[in-house]
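K.L.:
based on what follows, work out the 3D shape:
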Amino acid sequence: MLARLVEVSIRFRGVVMALACLVAAYGYYTIRNAKFDVYPEFSPPQVIVQTEAPGLSSLDVESLVTRPIEAALNGTPNLEALRSNSVQGLSVVVATFEDQIDVYRARQMVAERMTEAATRLPQGVRAPSLAPLVGATSLTLIVGLTSDVRSGMELRTFADWTMRPRLLGVKGVARVAIFGGEIRQLQIQMHPDRLAALGLSISEVVAAARNATAVRGAGFIETSAQRWLW
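P.N.:
Alright, predicted model coming up:
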């Protein structure tokens, strides 16, 4: 078999030389257009859409958040594949595009469709956000916070205001995604009987709450050298 292969190669040496030149030219073209990095990125362009849905189970996240986002992304030009992951309180959709499309154009098209899809998501679900443009090795560490003495709200507050800023201060960290826990908030609970007795409507209570929490400037005090805002 080997002798026959050598014989054919010698007989058709012109064809063999032409094929060798084609392979060498293709290898040179690949090297010239390769993306050089510590970890070369040869994966197709990807856009990751993350949507936080506090309080929803994984089944609710899949049916109420993930599926509408996938429906909005279907039909995007040069879209090759869609993958999703729905966990408690978080939806992650990965859109993979064809190799020839520019990744920035792909992110722009996805962002435009997400702006429209955000209006169809349930109330309380945060607007979808695009993950930073990073390579396939972007996911470095997943951390879970648990405590026997602190509540879920205290852990979420610690993650938002202490842990996240410190992690973002580490060189090379592009994004810290936080989900789960209980977000600290102020709630106004209404009693219909007391509202009726006072002759108040729900819209009046909402308007009073908005006026009470609004931030307004009270003016300024001007001196010869400074102006103090109040």
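K.L.:
which residues are in contact with the closest residue to residue 60 other than its chain neighbours?
P.N.:
Nearest residue to residue 60 in three dimensions, chain neighbours excluded: residue 53, at 7.5 Å (Cβ to Cβ, 6 or more residues apart in numbering). In short, each C-beta sits where N, CA and C put it, glycine included. Counting by Cβ atoms under 8 Å, 6 or more residues apart in numbering, residue 53 makes contact with 60-61, 64-65, 89-91, 122, 124-126.
K.L.:
any chance of these in a markdown table, plus secondary structure?
P.N.:
Shown next, in a markdown table, are the contacts of residue 53 (DSSP: H, G, I helix; E, B strand; the rest coil):
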| residue | secondary structure |
| --- | --- |
| 60 | helix |
| 61 | helix |
| 64 | helix |
| 65 | helix |
| 89 | coil |
| 90 | strand |
| 91 | strand |
| 122 | coil |
| 124 | coil |
| 125 | coil |
| 126 | coil |
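K.L.:
from these, pick the one nearest residue 2.
P.N.:
Among those, residue 91 lies closest to residue 2 (Cβ to Cβ), at 57.3 Å.
K.L.:
hang on, that closest one packs against residue 57?
P.N.:
No - with contact defined as Cβ atoms under 8 Å, residue 91 and residue 57 do not form a contacting pair (11.9 Å).
K.L.:
more neighbours: which of the two?
P.N.:
Legend: neighbour count by other Cβ atoms under 10 Å for residue 91 and residue 57, higher for residue 91 (28 against 13).
K.L.:
and the gap between the more buried one and residue 105?
P.N.:
Distance, residue 91 to residue 105, by Cβ to Cβ, to the nearest Å: 24 Å.
K.L.:
one step back: which of the contacts of residue 53 has the most neighbours?
P.N.:
For the contacts of residue 53, the largest number of neighbours (other Cβ under 10 Å) sits with residue 91, at 28 neighbours.
K.L.:
just the strands in the protein please.
P.N.:
Remark: strands assigned in the chain by DSSP state E are 46-52, 79-87, 90-97, 129-130, 220-222, 227-229.
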